[in-house]
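Asker: Predicted model follows, preceded by the sequence.
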Amino acid sequence: MGAIICHRSSHETPPVYTEEQKAVIKANQFNAKQLIMDYVSFFKIKVFRRLVMFSLIFTTGYIMMNDGAVYTMISYLGLSEARQSLFWTINTVLSLIAIPIVFGIANKWDKRRAMILFVATYVASSLLWFVLGLAGTVGFVSYNIFAGVLCLGTTAFYSLLYSLMYDCTDVYTLAAGEKKEGSMLALQGLAQTLGAALASLLLGWGLQIIGYTYAATASEFAKDGIWFMGTAGPAILVLISMFFLVRYNLTRKDFEDVRQAIKDREEGKEIDMSKFDYLI
């Protein structure tokens, strides 16, 4: 169907452009040097830099925990394939339930405070279940409760992060006088991709260090190591990411002030940029 639509919408002959149109197309062509310069200029914006670092480190911790869940369920909890499948089904339902909760809190407070709340809950629950697991009190039901609490943090991250990023693009527009939403969001996506790669690397190293071989022959040391990489280890990374999240100081009122300043400048009014030094 996609091929048919493309064929029918394609021009039979190449379009003819004016010299002015050709100049615009040439100016908009990919330029690696310009892209790097843009990325450098984005990182000069304090709030954007902090949010990207938060995203990078949080993603590393979350993906490490998520990928390690398979080893946790097989080697540490000893769950059957049917129970593992049921876990992921329940996890999906819990994620859907978490969405209105996250947005409800975000609308009542603001996005930043809601993100801090749910990420802090993510860290606290991970550390709590790590201790409970070492005490031998974690089973299938408890692990699902744990996953349900984590869903609040991950849902907050994936549902609120890009909204916060768009707020940062307005700060950049105020500072630089131009819009670069696409490139800024692309850099954010690159940070998440890098975080996922780091997570896989750390998980692989961790499995080597604890001497993991196969579920049926895993030693007690290996099992405890797997539990650590599925709970406390990622929680430490997420806790580090909170350092950048807490320092992300763009509040709802700040955002409204930034938008008003952009509007005032478009109308030719003078703007006191010193008021925004703590953001830029």
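Answerer: Cool, the structure landed. Numbers count the residues shown, from 1 in each chain.
Asker: Contacts for stretch 137-149, please.
Answerer: By Cβ atoms under 8 Å, 6 or more residues apart in numbering, the residues outside stretch 137-149 that reach it are 72-73, 77, 79, 83, 87, 90-91, 94, 98, 121-122, 125-126, 129, 132. From N, CA and C alone the C-beta is placed, and that goes for glycine too.
Asker: again, only using 6 Å
Answerer: Arg83, Ile90, Asn91, Leu94, Ser125, Trp129, Leu132 (Cβ atoms under 6 Å, 6 or more residues apart in numbering).
Asker: The chain: strands as residue ranges?
Answerer: For the chain, none of the segments meets the definition of strands by DSSP state E.
Asker: Residue for residue, what is the longest helix it has?
Answerer: Once the chain is assigned using DSSP state H, the helix that runs over the most residues is helix 140-176.
Asker: Low-confidence regions, the stretch 1-150 of the chain specifically.
Answerer: Applying pLDDT under 70 to the stretch 1-150 of the chain flags the ranges 1-17, 19-32, 35.
Asker: repeat that with 80
Answerer: 1-39, 135-137 (pLDDT under 80).
Asker: how far is the longest helix of the chain from where the chain is centred?
Answerer: A distance of 6 Å separates the C-alpha centroid of helix 140-176 from that of its chain, computed with Cα atoms, centre = their mean, to the nearest Å.
Asker: Show me what counts as buried in it.
Answerer: 140, 143-144, 146-157, 159-161, 164-165, 167-175 (16 or more other Cβ atoms under 10 Å).
Asker: same thing with stretch 257-276?
Answerer: Val258, Ala261, Ile262, Phe276.
Asker: give me every residue that touches the second one.
Answerer: Residues near Ala261 by Cβ under 6 Å, 6+ apart: Leu174, Ile271.
Asker: how about a cut-off of 8 Å?
Answerer: Neighbouring residues of Ala261 by Cβ under 8 Å, 6+ apart: Leu174, Ile271, Lys275, Phe276.
Asker: Out of the buried residues of stretch 257-276, which one has the weakest pLDDT?
Answerer: Checked by pLDDT, these have Phe276 as the lowest-scoring entry (77).
Asker: Double-check that residue against Arg259; I have them as touching.
Answerer: No - at 11.8 Å, Phe276 does not count as touching Arg259 under the criterion of Cβ atoms under 8 Å.
Asker: Grab the two from the contacts of stretch 137-149 that are most spread out in space.
Answerer: The most widely separated members of the contacts of stretch 137-149 are Arg83 and Ser125, with 20.9 Å between them, by Cβ to Cβ.
Asker: which of these two has more neighbours?
Answerer: A side-by-side neighbour count of Arg83 and Ser125, using other Cβ atoms under 10 Å, places Ser125 first with 20 against 14.
Asker: Assess the claim that the more buried one and Leu132 are in contact.
Answerer: No - with contact taken as Cβ under 8 Å, Ser125 and Leu132 are classed as non-touching, separated by 10.1 Å.
Asker: So which of the contacts of stretch 137-149 wins on neighbours?
Answerer: Neighbour max across the contacts of stretch 137-149 (other Cβ under 10 Å) = Trp129, 24 neighbours.
Asker: so what's that residue closest to, chain neighbours aside?
Answerer: Spatial nearest neighbour of Trp129, chain neighbours left out: Phe146 (4.6 Å); criterion: Cβ to Cβ, 6 or more residues apart in numbering.
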